[in-house]
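In: I'd like to go over a predicted model; first the sequence, then the structure.
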Amino acid sequence: MLKQVSFIFFLLFSCYMGVESQKLKHLTNELEVNVAASKVWELYRHLGISILTAQELKNVIQGVEVLKGDGGVGTILKLTFVPGNSSYTERFIVVNDQKRVKVAKGLEGGCLAIGCSVQIVRFDIIEKTNDSCIIKSDIAYAVKKEFEANDPKPNIQLLTAAAQIAKRFLESRQNDLERSVEFSLFSIFLN
């Protein structure tokens with residue numbers, strides 16, 4: 001009996017997820033970074049990218065507040081935008097260190113405030129070589145029936161800007177480190 005109930009639940013859940021995934025639309029951005037995927041993942045895996053982006057985009061983001069958690073699965077993060085704009089709250093639902101994937105589900109604000117029923121943000125850090133990778137940012141969303149005529153969409157510009165900020169920050173840090181090593185080797189050579 002338990003196996004039958006489990007199978008029925010699995011079947012219903014699979015059908016529901018299949019229907020939901022067919023309705024989802026996607027906005028995606030990819031950016032190549034000349035830094036190892038492991039270093040980029042260190043910035044993205046918890047709260048680092050949100051804090052760095054807020055520091056760099058003070059004209060857009062007024063504050064970042066952790067409502068619950070420490071940056072892992074279950075963390076609830078609230079971004080408050082400059083006066084005149086709204087806020088956006090999300091919960092981290094996946095942080096996968098092996099695949100370098102982070103997924104957050106929107107709870108309120110963002111496109112949820114203008115007619116979307118679902119907003120899911122996903123980051124994939126995809127290794128290209130030992131010293132380069134791709135930051136793939138994706139927003140999956142579904143529009144409520146009553147808002148379909150308005151065609152509301154989430155804004156991927158903030159995720160695009162975050163990826164560019166991460167690239168600039170990490171590549172600059174790596175260049176500084178390389179210059180430091182070169183200087184140390186040069187100093188040893190002179191002595």
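Out: Received the coordinates, thanks.

In: Centre of the chain to the strand or helix carrying Lys78, how far?
Out: In this assignment (DSSP states H and E), Lys78 forms part of strand 76-81. Counting by CA atoms, centre = their mean, to the nearest Å, strand 76-81 is centred 13 Å from the centre of its parent chain.

In: Could you check that strand and say which residues are buried?
Out: When burial is assessed from 16 or more other CB atoms under 10 Å, strand 76-81 yields the following buried residues: Leu77, Lys78, Leu79, Thr80, Phe81. Every residue, glycine included, has its C-beta placed from N, CA and C.

In: how about the strands in the chain?
Out: In the chain, the segments counted as strands under DSSP state E are 25-33, 61-68, 76-81, 87-96, 101-109, 116-129, 132-143.

In: Excluding sequence neighbours, find me the nearest residue to the most centrally placed residue in the chain.
Out: The residue lying closest to the centre of the chain (CA atoms, centre = their mean) is Phe123, at 4.2 Å. In space, and not counting its chain neighbours, Phe123 is closest to Lys102: 4.6 Å by CB to CB, 6 or more residues apart in numbering.

In: hang on, the earlier thing: distance of the residue nearest to the centre of the chain from Val101?
Out: 7 Å (CB to CB, to the nearest Å).

In: Glu32 now?
Out: Distance from Glu32 to Val101, by CB to CB: 18 Å.

In: Against Val94, how distant is Glu65?
Out: As judged by CB to CB, Glu65 and Val94 stand 21 Å apart.

In: Which one of the two is surrounded by more residues?
Out: With neighbours defined as other CB atoms under 10 Å, Glu65 and Val94 compare such that Val94 has more, 14 against 11.

In: thinking that one is in contact with Lys105, fair?
Out: No: assessed by CB atoms under 8 Å, Val94 is found out of contact with Lys105, at 9.4 Å.

In: Identify the bridge partners of Val66.
Out: Under DSSP bridges, the beta-bridge partners of Val66 are Leu77.

In: Look at it and say how many residues are nearby.
Out: If you count neighbours by other CB under 10 Å, Val66 ends up with 14.

In: residue contacts, it?
Out: When contacts are counted by CB atoms under 8 Å, 6 or more residues apart in numbering, Val66 touches Leu47, Thr75, Ile76, Leu77, Lys78.

In: could I get the residues you listed as a markdown table with distance to Ala161 and pLDDT?
Out: Written out in a markdown table, the entries for the contacts of Val66 read as follows (distance: CB to CB, whole Å; pLDDT from 0 to 100):
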| residue | distance to Ala161 | pLDDT |
| --- | --- | --- |
| Leu47 | 17 | 94 |
| Thr75 | 21 | 97 |
| Ile76 | 22 | 97 |
| Leu77 | 17 | 96 |
| Lys78 | 18 | 96 |
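
In: Out of these, which is nearest to Thr53?
Out: Leu47 (10.5 Å; CB to CB).

In: excluding its backbone neighbours, what's nearest that closest one?
Out: Per CB to CB, 6+ apart, closest to Leu47 is Gly71, 4.4 Å.
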